[in-house]
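**Q** All I have is the shape, not the residue letters:
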């Protein structure tokens, strides 16, 4: 009866219990001078064994359900971890592109300027000093970023993420590379959310890098903090030959800017307008 209760499913267990009790009743009637105890004692024993078996079956089913649920949760956790790792790889790739593209482009242009002014030691010295400074900053940012890939026990101290607080520094680097640029900041940008702050900085950085690469015409940067959004506009005069390469948004730089803005549910556009090439990004501040 215990085995029936522990292993039979559904109606079979109930039928088996009924047959067992019927057999007990039939056996009790064959006893000389039967009493109530002759019937109830074996019935209770058989029914008790069956009930213990059923409780063990229910326990196994509960454990099986718990194990299945734990396995499902573990699979879901693994999927979430894989998705998070993929997103982190994409973020690091964007960061590496921003760092390498901007710094190396600036260094190349500064090196060309140094060669062109080789007969003017003062200006050539300034160019090469700017190259050294850009190289050190690139190494520092790469060290900070690659430190994120190390194990916790190997992680090095890292510098904070850049933001609009370093906008003047970024503009000075562009001017040092020979790009005339001026900026206007409206509103307080000191307490922006870190993600918005970094995205706005990278949009300005990538836009100026594109100007250095493709146009080298005077540029203007406008950062405007409104009540519900942060607006970033970078414009430069179109070169004589027309729109720069990738003006249709096919370049990796523009794609990276668009993706950064999209992550924050913002709006992004880039293209010719009224004789200028204009990059616009709007980043909502309302979470």
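**A** Okay, I see it. Model, not experiment: these values are computed from the prediction.
**Q** And the helices in the stretch 51-200 of the chain, which stretches?
**A** With helices called from DSSP state H, counting those that start in this stretch, the stretch 51-200 of the chain shows them at 121-147, 167-176, 194-214.
**Q** now those as JSON lines including mean pLDDT and mean neighbour count?
**A** Yep, even glycine has a C-beta here, placed from its N, CA and C like the rest. Below are the helices of the stretch 51-200 of the chain laid out as JSON lines (pLDDT from 0 to 100; neighbours: other Cβ atoms under 10 Å):
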{"stretch": "helix 121-147", "mean pLDDT": "75", "mean neighbour count": "15"}
{"stretch": "helix 167-176", "mean pLDDT": "90", "mean neighbour count": "17"}
{"stretch": "helix 194-214", "mean pLDDT": "89", "mean neighbour count": "23"}
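**Q** Of these, which is nearest residue 109?
**A** Closest approach to residue 109 among the helices of the stretch 51-200 of the chain (Cβ to Cβ): helix 194-214, 5.7 Å.
**Q** what packs against the closest one?
**A** Secondary-structure packing of helix 194-214 (3 or more Cβ pairs under 8 Å, 6 or more residues apart in numbering; DSSP states H and E): helix 36-116, helix 167-176, strand 219-225, strand 229-237, helix 252-263, strand 276-284.
**Q** Buried by neighbour count: which residues of the fourth one qualify?
**A** This points to strand 229-237. For strand 229-237, a neighbour-count test (16 or more other Cβ atoms under 10 Å) marks 229-236 as buried.
**Q** Distance from it to the middle of the chain?
**A** In terms of Cα atoms, centre = their mean, to the nearest Å, the centre of strand 229-237 is found 25 Å from the chain centre.
**Q** Show me what that strand is packed against.
**A** Counting by 3+ Cβ pairs under 8 Å, 6+ apart, strand 229-237 packs on helix 194-214, strand 219-225, strand 276-284.
**Q** repeat that for 10 Å
**A** Applying 3 or more Cβ pairs under 10 Å, 6 or more residues apart in numbering; DSSP states H and E, we find strand 229-237 packed against strand 181-186, helix 194-214, strand 219-225, helix 252-263, strand 267-273, strand 276-284.
**Q** Out of those, which is closest to residue 53?
**A** Taking Cβ to Cβ, helix 252-263 is the member of the helices and strands packed on strand 229-237 nearest to residue 53, at 57.6 Å.
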